[in-house]
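Engineer: sequence-free structure coming up:
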């Protein structure tokens, strides 16, 4: 494993499972994503989860790029110490942007978003945590970040869960327009994966919702 | 107690301090409690149906139990609250979600009292009751709520007249998981305390599946795996220990993610499993790391109880919620994010 000096590291975000630092790496402005030890977990469980997710995140990002989806460029990965060095992407999180922009623009963006998710799924990449906090809008392009909970799968179930999580993220965070936004996502998704697959996935999203506690229409 | 949370500043029928009798009967507990709108629980009496070891709650048996104990529980509640029936201003009841037969028993008692006394009847969503009694007893104002019970496992926060769900279980609840594991290993009901006790003497960690999907968790695979490990003859304390560690870590991870996402500065843990010391410790850690104040529902109100219904009944009534007796149907299935919350800001 290479020895790296990151220079001065500034904590910019403390996420749930990792902390993001802004740093310099070979004269590049980078993000160092560190999966810190979680003291609430026992060490056996903790190191297993951190190593596994670090490796998988890097693999998934690489695949996402191959699928033609924008991600921060990967510079270095260390599974033992559980960190990843990646490009610093300048921009706004979709979470804030969607709240500030017009309904039309929001729908347009969500349609593009659906299309990108379709690309990921076609390539067998399940993001695993599709919330609008995990998307950055940078010069008109949507960058996906945080693949830490993702997996490789072509299964309808996993694709369904992926979209279900996004639907729920939209309805809890962007509740005023959640329905239109999610419909836009599905339009883009359908255009990308085709009606046949899209219908299967959409039906699965419905059945996953019905599995929730105390849903009245079974 | 919490005078700043005083729900009824406006007078009703010339009275400024209202007394609500709350009836709880969603699952194994039949409870009656009296709460007053100056922010006090006057009495909280609960009688829990205990299924025989090795079996779960039978809805019919639970409802029979509730019917049998109801008069005694209510009488004791009034005696302890030092009030007479005529002093009650409104009746609240758990209208759902829960076991149909159990709900109907409580609702029947509540309707009868409301008609007899000619006072308003207020339906309460059981889970909202857990949340409000948690906020009441801890002083939490606008928290991220982690609701863990036999009926719910959800991570929620309030916005614009609804509790919004940020994460939840995709199959069984944390309470189910512990109960079902306990049941299949001959431990007494409720399973949570039994598993917690055994886990204390567990030493070595047994590998079990850890399933987090975004902000959601899934416990059904974990239950099967833990049952298999126990069947294979691994020491039960070790399996209990590992089951708790994995199940709780999953929930805490999802909660931490929701906390980072919502940026709330308070965390409130409510529901029956909130009594678990290890879970409290783990959630306390993430709350501290995100500089959020950590609240836990008072121990005596963590499990199902009349107080959660009585107090939430008062809040709801202030918000204008009430129901005609002839329309007061119970709702065995009732999503908590569909409940209109007119009383919170």
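Structural biologist: Alright, I've got the coordinates. Predicted, not measured: the structure shown is a model, and the values here were computed from it.

Engineer: show me what the helix or strand bottoming out on mean pLDDT in chain A is packed against.
Structural biologist: Ranked by mean pLDDT, DSSP states H and E, the weakest helix or strand in chain A is strand A:10-14, scoring a mean of 87. Contact analysis of strand A:10-14 by 3 or more Cβ pairs under 8 Å, 6 or more residues apart in numbering or on different chains; DSSP states H and E lists strand A:19-25 as its packing neighbours. To be clear about C-beta, it is placed using only N, CA and C from the backbone, and glycine gets the same treatment.

Engineer: give me the contacts around the strand it packs on.
Structural biologist: In this structure, residues lying in contact with strand A:19-25 by Cβ atoms under 8 Å, 6 or more residues apart in numbering or on different chains are A:4, A:6-14, A:29-34, A:36, A:75-76, A:85, A:88.

Engineer: now that we have those, which of them are buried?
Structural biologist: A:30, A:31, A:32, A:33, A:34, A:75, A:76, A:85, A:88 (16 or more other Cβ atoms under 10 Å in any protein chain shown).

Engineer: the least confident helix or strand of chain A to strand A:19-25, inter-axis angle?
Structural biologist: Computed with axes from the mean of the first three to the mean of the last three Cα atoms, to 10 degrees, the direction of strand A:10-14 lies at 150 degrees from that of strand A:19-25.

Engineer: tell me the phi and psi of residue B:83?
Structural biologist: Per-residue torsions, residue B:83: phi -130, psi 160 (degrees, to the nearest 10).

Engineer: tally up the residues packed near it, please.
Structural biologist: Residue B:83: 17 surrounding residues under other Cβ atoms under 10 Å in any protein chain shown.

Engineer: and the closest residue to residue A:88 other than its chain neighbours, what helix or strand is that in?
Structural biologist: Nearest residue to residue A:88 in three dimensions, chain neighbours excluded: residue A:29, at 4.5 Å (Cβ to Cβ, 6 or more residues apart in numbering or on different chains). Assessed by DSSP states H and E, residue A:29 sits inside strand A:28-34.

Engineer: so the residue nearest to residue A:88 makes contact with residue A:89?
Structural biologist: No: taking contacts as Cβ atoms under 8 Å, residue A:29 lies outside contact range of residue A:89: 10.0 Å.

Engineer: residues from chain A in reach of chain B?
Structural biologist: Within chain A, the positions adjacent to chain B are A:14-17, A:38-42, A:44-45, A:49, A:128-131, A:133, A:149, A:161, A:165, A:168-169, A:171-173, A:175, A:208, A:211-216 by Cβ under 8 Å from any Cβ of the partner chain.

Engineer: residues near residue 159, how many?
Structural biologist: Since no chain was named, I'll use chain A. Neighbourhood size, residue A:159 [other Cβ under 10 Å]: 27.

Engineer: um, chain B though
Structural biologist: If you count neighbours by other Cβ under 10 Å, residue B:159 ends up with 15.

Engineer: check residue A:67 too.
Structural biologist: For residue A:67, the count of nearby residues is 17 (other Cβ under 10 Å).

Engineer: phi and psi next, for it.
Structural biologist: Torsion angles at residue A:67 (phi, psi; degrees, to the nearest 10) stand at phi -80, psi -10.

Engineer: do you know how far it is from chain B?
Structural biologist: Applying Cβ to the nearest Cβ, to the nearest Å, the value for residue A:67 to chain B is 20 Å.

Engineer: does residue B:166 sit in a helix or strand, and which one?
Structural biologist: Residue B:166 belongs to strand B:162-168, assigned by DSSP H and E.

Engineer: any idea how far that strand is from the middle of the chain?
Structural biologist: 15 Å (Cα atoms, centre = their mean, to the nearest Å).

Engineer: hmm, that strand touching chain A?
Structural biologist: Yes: interface with chain A: strand B:162-168 contributes B:162, B:164, B:165, B:166, B:168 (Cβ under 8 Å from any Cβ).

Engineer: top of those residues by number of neighbours, please.
Structural biologist: Greatest neighbour count in the residues of strand B:162-168 next to chain A, by other Cβ under 10 Å, goes to residue B:166: 26 neighbours.

Engineer: identify the residue nearest that one in space, chain neighbours excluded?
Structural biologist: Nearest to residue B:166 is residue B:258, by Cβ to Cβ, 6+ apart, at 4.0 Å.

Engineer: strands paired with the lowest-mean-pLDDT helix or strand in chain B, and their directions?
Structural biologist: Ranking every helix and strand in chain B by mean pLDDT, DSSP H and E puts strand B:212-213 at the bottom, with a mean of 88. Strand B:212-213 pairs in its sheet with strand B:216-217 (antiparallel), by DSSP bridges.

Engineer: I'd assumed residue A:75 was in contact with residue A:85.
Structural biologist: Yes: because the distance of 4.3 Å satisfies Cβ under 8 Å, residue A:85 is recorded as touching residue A:75.

Engineer: anything in contact with each of the two?
Structural biologist: Joint contacts of residue A:85 and residue A:75 (Cβ under 8 Å, 6+ apart) are A:25, A:30.

Engineer: for chain A, which segments count as helices?
Structural biologist: Ranges of helices within chain A are A:43-66, A:94-100, A:103-122, A:156-173, A:178-193, A:195-211, based on DSSP state H.

Engineer: please identify the most buried of those.
Structural biologist: helix A:156-173 (a mean of 22; mean count of other Cβ atoms under 10 Å in any protein chain shown).

Engineer: what's near enough to touch residue 164?
Structural biologist: You didn't pick a chain, so chain A it is. A:205, A:208, A:209.

Engineer: that's the wrong chain, I meant chain B
Structural biologist: Here residue B:164 is in contact with A:171, A:172, A:175, B:156, B:157, B:158, B:337 (Cβ under 8 Å, 6+ apart).

Engineer: show me the domain layout of the chain.
Structural biologist: With no chain named, the answer covers chain A. Using automatic domain parsing, the domain ranges for chain A come out as A:10-87, A:92-211.

Engineer: my bad, the chain I had in mind was chain B
Structural biologist: Domain assignment for chain B by automatic domain parsing gives B:3-131+B:302-338, B:142-299.

Engineer: picking that back up, put together CSV for the helices of chain A, with distance to residue B:228 and mean pLDDT on each row.
Structural biologist: Below are the helices of chain A laid out as CSV (distance: least, Cβ to Cβ, whole Å; pLDDT from 0 to 100):
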stretch, distance to residue B:228, mean pLDDT
helix A:43-66, 19, 95
helix A:94-100, 41, 93
helix A:103-122, 32, 97
helix A:156-173, 22, 93
helix A:178-193, 37, 96
helix A:195-211, 23, 93
